[in-house]
Each structure stands twice: as C-alpha cells, then as structure tokens.
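1. sequence and predicted structure, then a few things I'm wondering about:
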Amino acid sequence: MIVREPESRPEPRNFLEALGQKVFTLISEIGRASMICIEGTLCFRHLFRSRTRHEVIRQLHICAVKSLPVVTVVAFFIGMILALQIGIELRRYNQETLIGPAVMTSMLREMGPFMSGLVLAASVGAAMAAQIGTMMVNEEIAALEIMDISPVRFLVMPRLAAMMLTVPLLSFYTCMVGVVGGGLVSYTQLSVPWAVYWQNAMDFANMKALYVGLFKALLFGFTIVTVSCYEGFRTRNGAVGVGQATRQSVVTNFLVILVIGYFVTRLFY
C-alpha cells in the first residue's frame with residue numbers, strides 16, 4: 001500500500017526520545033524506499049507489454065533526449081576545466097602530454113557518471129517527484145489502488161527501466177564530450193598537439209575505469225528513481241508539499257550519489 005494514514009507518535013519528552021524517533025523514522029524511510037525499488041525491479045517481467053513498452057519509450061525520451069543539451073554543455077566545460085587545471089600544474093614539470101590520460105581517466109572513472117547523475121537528478125528526478133507528488137495530493141494514487149492497479153508497476157517500473165538504460169549511456173557520452181573539451185583546451189591554450197593528446201588518452205584508457213564508471217552510473221539511475229518516486233509518494237499538504245518533495249528529492253539524490261560514488265571507488269580501487 002502506497003497511500004497510508006499519517007503515523008501518530010507521542011511527543012518526545014527529552015533529547016534521547018527525540019533522537020530515537022528521528023533514527024527510527026530514517027530507518028523506516030530507507031526501508032520503504034528500498035521496497036519500492038525492489039518491487040519496481042520485480043515488475044520488469046511486465047516490461048514488454050504494449051502499454052508498458054510505450055510508457056518506457058516516453059520516459060526514455062524524457063530522460064535521454066530532453067537531457068542531452070544540458071549534459072553536453074556540462075560535459076564539455078567539465079572536460080575543459082579539468083584539462084586547464086591539470087595542465088597548469090603539469091606544465092610546471094614539462095609534462096603537458098599527460099593531460100590526455102588524466103582527463104580520460106577522470107572522466108571515465110568519476111566525472112562522467114557523477115555529472116550525468118547530478119544533471120538527471122536535478123532535472124528528471126525533480127520532475128518525477130513533482131509529478132507523482134501532484135498525483136498523490138490529487139488522490140490519483142489512491143484511485144489507482146482502488147482500481148487494483150499497482151502504483152509501483154504503473155509509475156515506478158517504466159521510469160526505473162528508462163533510467164537504467166539512460167544513465168550509463170549518458171555517462172559514456174559525457175566522458176567522450178569531456179575528453180573532446182579537454183583536447184580543445186590542451187591544443188589551444190597548452191600547446192599540446194591534437195594527435196598527441198588523443199593518442200596518450202587512448203593508450204592510458206583502461207577497461208576497468210570504464211566498467212567502474214558504468215557500474216556507478218547504473219547505481220545512480222536506481223538511486224534517482226527510487227528517491228524521487230519515494231519523495232513523490234510521501235507528499236502531503238497540497239502544493240506546498242509538492243514543492244517540499246521536489247526540493248527534498250534533489251537534495252537527497254545529490255547526497256546519496258556522492259556517498260555511493262565514494263564507496264564504489266573505494267571498493268574497486
């Protein structure tokens with residue numbers, strides 16, 4: 001059941017009770033969000049039904065095509081910034097030719113999935129939370145449950161499938177655009193020949209960095225959909241609640257993406 005009556009708890013009498021209630025609330029929220037993610041994943045068996053397939057395609061258009069201009073601009077300038085900052089330091093040691101490997105490794109391993117995840121969390125994730133939150137306050141979610149239609153299968157599963165496909169692809173695209181931006185800065189401002197930059201970048205690129213980056217992107221896709229849909233499902237108090245759910249989904253997604261990115265890097269390296 002997605003729609004629930006508000007939980008009533010006694011007012012805390014001291015600091016320890018207040019802390020305990022906050023910890024219990026946090027654990028219960030993590031559990032509910034995890035159950036939404038698990039149930040949405042189990043609903044993939046309905047993925048190839050006609051109506052579901054059309055909704056997945058629509059979500060792919062929203063996640064991938066509409067996000068592409070923003071991702072392109074962000075990736076291009078991130079690559080330029082990395083190349084400029086790294087190149088300034090390497091020039092002190094006459095090692096400008098190593099800019100390519102540094103930018104390529106940074107984009108593949110970290111910045112590609114990280115920046116694409118943040119862009120999608122801020123745009124697509126916020127839109128998910130706002131849309132589902134509006135449906136929640138308008139009692140459309142309750143109507144779905146009355147008609148015996150699972151809100152998770154109807155709303156979460158198509159978004160989860162679309163995001164799982166979109167984030168790894170956009171992550172790789174971000175890497176390539178960032179490397180091109182870094183090459184432009186290296187050639188125009190640091191006097192590194194274009195051919196040398198690309199040759200060194202491709203020589204030092206390794207499959208492990210690519211796989212780790214794509215794995216991070218996949219986890220970020222799960223995170224964005226889970227957090228955004230959960231915040232939408234717990235929306236209350238009309239338009240004010242929709243705004244709060246949208247803001248909270250962006251903040252939570254940013255924090256969780258940072259934490260997951262660190263621990264995945266620590267696990268593999």
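-> Perfect, I can see it now.
2. and the residue nearest the centre of the chain, what pLDDT?
-> Closest residue to the average C-alpha location of the chain: residue 117 at 3.3 Å, with CA atoms, centre = their mean. For residue 117, the pLDDT comes out at 92.
3. tally of neighbours for the closest residue to it other than its chain neighbours?
-> Closest residue in space to residue 117, ignoring its immediate chain neighbours: residue 220 at 3.6 Å, by CB to CB, 6 or more residues apart in numbering. Backbone N, C-alpha and C define where each C-beta goes, glycine included. When counting by other CB atoms under 10 Å, one arrives at 27 neighbours for residue 220.
4. test my guess that residue 220 contacts residue 257.
-> Yes - the pair residue 220 / residue 257 is scored as a contact, 5.5 Å apart, by CB atoms under 8 Å.
5. quick check: neighbours shared by those two?
-> Here residue 220 and residue 257 share the contacting residues 117, 121, scored by CB atoms under 8 Å, 6 or more residues apart in numbering.
6. circling back to that earlier point, tell me which helix or strand comes right after the one helix or strand the residue nearest to the centre of the chain maps to.
-> Using DSSP states H and E, residue 117 sits within helix 112-120. Remark: after helix 112-120, the chain's next helix or strand is helix 126-137, criterion DSSP H and E.
7. could you point out which element follows that next one?
-> helix 140-146.
8. and that following helix, what other elements does it pack with?
-> Helix 140-146 is packed against helix 151, with contacts defined by 3 or more CB pairs under 8 Å, 6 or more residues apart in numbering; DSSP states H and E.
9. so who does the residue nearest to the centre of the chain touch?
-> 167, 171, 216, 217, 220, 221, 223, 224, 253, 257.
10. correct me if wrong: the second one contacts residue 212.
-> No - when contacts are counted by CB under 8 Å, residue 171 is not listed as touching residue 212 (10.8 Å).
11. the more surrounded of these two?
-> Neighbour tally, residue 171 and residue 212, criterion other CB under 10 Å: the higher count belongs to residue 171, 30 against 20.
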